[in-house]
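Undergrad: Next come a sequence and a model predicted from it.
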Amino acid sequence: MLDAITNYLHSSATPGEAGSMTWATIYILIITIGISLAVISMNWLERKILAHMQIRLGPMRVGPHGLLQPFADALKLLIKEDIIPENADKLVFWMAPVVVTMTSFTTFLVVPFGRQHAVTDMNIGILFMLGVSSLGVLGVIMGGWSSNSHYPLMGGLRSSAQMVSYEVAMGLAIVCAVLMTSLQTGTGTLSMIGIVQAQQQQHVWFIFKMFPLGFLAFAIFAIAMVAETNRAPFDLPEAESELVAGFHTEYSGFRWSLFFLAEYAAMLAVSSIAVTLWLGGWMRPFPTWLHGPIWNLAFSYVPALTFLVLAQLCFVGAARMPKIPQMRIQTVGLGAFGALLGLVALVLLLPGVNERVQDIYWFTVKVAFFMYLYIWYRGTFPRYRFDQLMKVGWKILLPTGLGVLIATAIAGLFPQISSAILGVLQ
Amino acid sequence: MSLSPLIRKILLVDLIKGLKVTFDYQKPSEAITEQYPLERPVIFERYRGQPRLKVDPESGSSMCIVCNLCALACPEQLIVVKGERNPATKRKEPVSWTYDLSRCMFCGLCAEACSTDALELTQDFEMALYSREGMVLDQAALERGQEPVRYVK
């Protein structure tokens, strides 16, 4: 038993490749829990960062610096009355949040958190992700239509129109990256792990490949992915001043929280597509420039160092708490949380764990950067009008995407083309 | 600044400027939110709050001379002052003072009208009560003023 576990942990295969159902189940459980935890922390971070950007403090009362606020919110949502409108289409109303949540969680099946850390290495991975995440639109339309109310219907129509039209530009940008995978080997790949390995072999992240083509494709994707997930400044379907809450206006309690969960999971999913395709997936920064055993060792300490810094921040926060009896529990709690983080850092320092967790760490850091960008955009940009949104999608992103795609294809074939021309000339 | 509008648009210059502004605001120490019960708020000098009757610090007697000007000045007529002449000092001294806070709108006309500066509207603001009973202040309450409330669980 123990041998089987250690054997598997020493191999470098995903559960899908190893054909092991047990490990696949364990991975799926870990990923589900991880995504939920990420959504919870994202909830807290979004409120905090957004508040700081607006010179406010954000949640401060529930737990130290509002750390327990997401849990309080979740509890509130869980014990709220579950209302289904009388004239709603009950079955479809019930199905919609399930569809949205399932599709956004299913996409994580193929996300490679590391060479071994994906549930499976599908050879059509990126296509699978796009397809499944597009199915989420169905849930949005179902929710909007079945509510039998004006605002949800309008919101559902808006978000489905938006998601469908931005999918086109998104697809073009993705094809650019897929084209780049075939540059040295001659055969491209749609597998998420294969795409990262192609970047590893070509010694460059695709964002810097054939500058500025890779960067342009990335920029198109980065804009389209904000629109795709209905986030500010493209959050028209949820435009509070116009449509109350968009397609989930009639939802409350647990069903609403499923929509919330799905939205953030979808944000994580598209961010991980961007990271995989353009930012080198699980690779650490500068794998070729700063190579050698010393740099490897130095970079392998970064995860533990991050947790140590977080623990240190917790301790400083605990020390700076107001010294009054009412805050004593919070101070102790924050200190304990810091100690927990420090313990995680110590575990990460163990050589075996360290090796296996590094790639997950770098992937997570890159995704976290995108999540910060989401919050940053939301704190900065005013909302687009709907015709402006469609104009950006169809008149700017789509033609640019097509142009970048053609240019990438020509640049990729340039050696062959030039030799052919030279051959004709001679 | 010299970039043409088209290039500015393509390079998203304005958007990046906006991002920089919000990024710079992020320092938590810059937040202007006050953690009210934990820390006292900053009250401005001209804020008009809880009324107070001053007492002469030397003699300990009230500075009010029952001239009735505050009662006349009050648009809500919520001040009622009654006084008697003290035969010893030959000064008029207040016998009963009532100030109905529940009707007060803190216009400050009474404090302005006061000929001896005995009545003032202080910067105390914690006047919330659970019933109307305590809203009518008598002379003792007005002279005592308000003690800052401590919030204890």
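TA: Done, it's in.
Undergrad: ok now the helix or strand encompassing A:Thr6, how far from the chain's centre?
TA: In the assignment (DSSP states H and E), A:Thr6 maps to helix A:2-10. Relative to its parent chain, helix A:2-10 has a centroid offset of 30 Å by C-alpha atoms, centre = their mean, to the nearest Å.
Undergrad: Around chain A, pick out the residues from chain B.
TA: Applying C-beta under 8 Å from any C-beta of the partner chain, we find that chain B lies next to chain A at B:15, B:18-19, B:21-23, B:25-28, B:30-33, B:35, B:38, B:152-153. Every residue, glycine included, has its C-beta placed from N, CA and C.
Undergrad: coming back round to it: just the mean pLDDT for the helix or strand following the helix holding A:Thr6, thanks.
TA: Remark: after helix A:2-10, the chain's next helix or strand is helix A:15-18, criterion DSSP H and E. Confidence over helix A:15-18 (mean pLDDT, whole number) is 72.
Undergrad: try stretch A:351-361
TA: The model assigns stretch A:351-361 a mean pLDDT of 81.
Undergrad: Flag every buried residue along it.
TA: A:Asn354, A:Arg356, A:Val357, A:Gln358, A:Asp359, A:Ile360, A:Tyr361 (16 or more other C-beta atoms under 10 Å in any protein chain shown).
Undergrad: want to try JSON lines for these, with distance to chain B and secondary structure as columns?
TA: Converted to JSON lines, the buried residues of stretch A:351-361 look like this (distance: C-beta to the nearest C-beta, whole Å; DSSP: H, G, I helix; E, B strand; the rest coil):
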{"residue": "A:Asn354", "distance to chain B": "32", "secondary structure": "helix"}
{"residue": "A:Arg356", "distance to chain B": "34", "secondary structure": "helix"}
{"residue": "A:Val357", "distance to chain B": "29", "secondary structure": "helix"}
{"residue": "A:Gln358", "distance to chain B": "29", "secondary structure": "helix"}
{"residue": "A:Asp359", "distance to chain B": "29", "secondary structure": "helix"}
{"residue": "A:Ile360", "distance to chain B": "27", "secondary structure": "helix"}
{"residue": "A:Tyr361", "distance to chain B": "24", "secondary structure": "helix"}
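Undergrad: hang on, the earlier thing: just the buried members of the residues of chain B next to chain A?
TA: B:Gly18, B:Leu19, B:Thr22, B:Gln26, B:Ala31.
Undergrad: can I get those residues in JSON lines with secondary structure?
TA: Shown next, in JSON lines, are those (DSSP: H, G, I helix; E, B strand; the rest coil):
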{"residue": "B:Gly18", "secondary structure": "helix"}
{"residue": "B:Leu19", "secondary structure": "helix"}
{"residue": "B:Thr22", "secondary structure": "helix"}
{"residue": "B:Gln26", "secondary structure": "coil"}
{"residue": "B:Ala31", "secondary structure": "coil"}
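Undergrad: Which one of the residues you listed is nearest to B:Leu129?
TA: B:Ala31 (31.4 Å; C-beta to C-beta).
Undergrad: Nearest residue to the closest one in space, please, no chain neighbours.
TA: A:Leu57 (4.7 Å; C-beta to C-beta, 6 or more residues apart in numbering or on different chains).
Undergrad: What separation is there between the one you found and A:Trp376?
TA: Using C-beta to C-beta, to the nearest Å, A:Leu57 is found at 18 Å from A:Trp376.
Undergrad: ditto for A:Ala274
TA: From A:Ala274 to A:Trp376 the distance is 15 Å (C-beta to C-beta).
Undergrad: neighbour-wise, which of the two wins?
TA: A:Ala274 (24 against 18; other C-beta atoms under 10 Å in any protein chain shown).
Undergrad: my guess is that one meets A:Ile223, correct?
TA: No. A:Ala274 lies out of contact with A:Ile223 (C-beta atoms under 8 Å); the separation is 11.0 Å.
Undergrad: excluding its backbone neighbours, what's nearest A:Asn354?
TA: In space, A:Asn354 is closest to A:Ser300, 5.5 Å off (C-beta to C-beta, 6+ apart).
Undergrad: Would you mind listing where the stretch 1-150 of chain A has pLDDT under the threshold?
TA: A:1 (pLDDT under 70).
Undergrad: Now do the helices in it.
TA: Assigned by DSSP state H, counting those that start in this stretch, the stretch 1-150 of chain A shows helices spanning A:2-10, A:15-18, A:21-53, A:69-78, A:90-106, A:125-146, A:150-181.
Undergrad: Equivalent analysis for the stretch 151-300 of chain A, please.
TA: A:192-201, A:213-228, A:240-243, A:253-278, A:293-300.
Undergrad: go on, chain B?
TA: B:5-10, B:13-24, B:69-73, B:109-113, B:139-144 (DSSP state H).
Undergrad: Can you lay out these as TSV showing distance to A:Gln416 and mean pLDDT?
TA: Below are the helices of chain B laid out as TSV (distance: least, C-beta to C-beta, whole Å; pLDDT from 0 to 100):
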stretch	distance to A:Gln416	mean pLDDT
helix B:5-10	32	82
helix B:13-24	39	86
helix B:69-73	96	91
helix B:109-113	91	91
helix B:139-144	95	84
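Undergrad: Give me the distance between A:Gln69 and chain B.
TA: 15 Å (C-beta to the nearest C-beta, to the nearest Å).
Undergrad: Correct me if wrong: that residue contacts A:Leu75.
TA: No. Applying C-beta under 8 Å, one finds A:Gln69 not in contact with A:Leu75, separated by 10.7 Å.
Undergrad: Return the residues of chain A in contact with chain B.
TA: Checking chain A against chain B by C-beta under 8 Å from any C-beta, the hits are A:49, A:51-57, A:60, A:322, A:324, A:326, A:376-377, A:379-381.
Undergrad: May I see the PyMOL selection of the buried members of the residues you listed?
TA: Selection of buried members from the residues of chain A next to chain B for PyMOL, criterion 16+ other C-beta under 10 Å:
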select buried, chain A and resi 49+51+52+53+56+57+60+376+377+379+380+381
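Undergrad: Which pLDDT value goes with the most centrally placed residue in chain B?
TA: For chain B, B:Gly49 is the residue whose C-alpha lies nearest the centre (C-alpha atoms, centre = their mean; 2.3 Å). Confidence at B:Gly49, expressed as pLDDT, is 88.
Undergrad: Same question for the one 10 residues further on.
TA: B:Ser59 carries a pLDDT score of 81 in this model.
Undergrad: same deal with the one 5 residues further on?
TA: pLDDT, B:Cys64: 87.
Undergrad: quick revisit: hmm, the residue nearest to A:Asn354 is touching A:Gln358, no?
TA: Yes. A:Ser300 is in contact with A:Gln358 according to C-beta under 8 Å; the separation is 5.8 Å.
Undergrad: So which bits of the lengthiest strand in chain B are buried?
TA: If you go by DSSP state E, chain B has its longest strand at strand B:91-100. Buried residues in strand B:91-100, counting neighbours by 16+ other C-beta under 10 Å, are found at B:Lys92, B:Pro94, B:Trp97, B:Thr98, B:Tyr99, B:Asp100.
Undergrad: is the second one in a bridge, and if so with what?
TA: Meaning B:Pro94. B:Gly83 (DSSP bridges).
Undergrad: Contact partners for it?
TA: B:Pro94 is in contact with B:Ser62, B:Cys64, B:Val66, B:Val81, B:Lys82, B:Gly83, B:Gln139, counting by C-beta atoms under 8 Å, 6 or more residues apart in numbering or on different chains.
Undergrad: tally of neighbours for residue 58?
TA: Since no chain was named, I'll use chain A. Neighbours of A:Gly58 (other C-beta under 10 Å): 21.
Undergrad: nope, chain B please
TA: Count around B:Glu58 with other C-beta under 10 Å applied: 6.
Undergrad: And A:Gly66, by the same measure?
TA: So A:Gly66, with other C-beta under 10 Å, has 18 neighbours.
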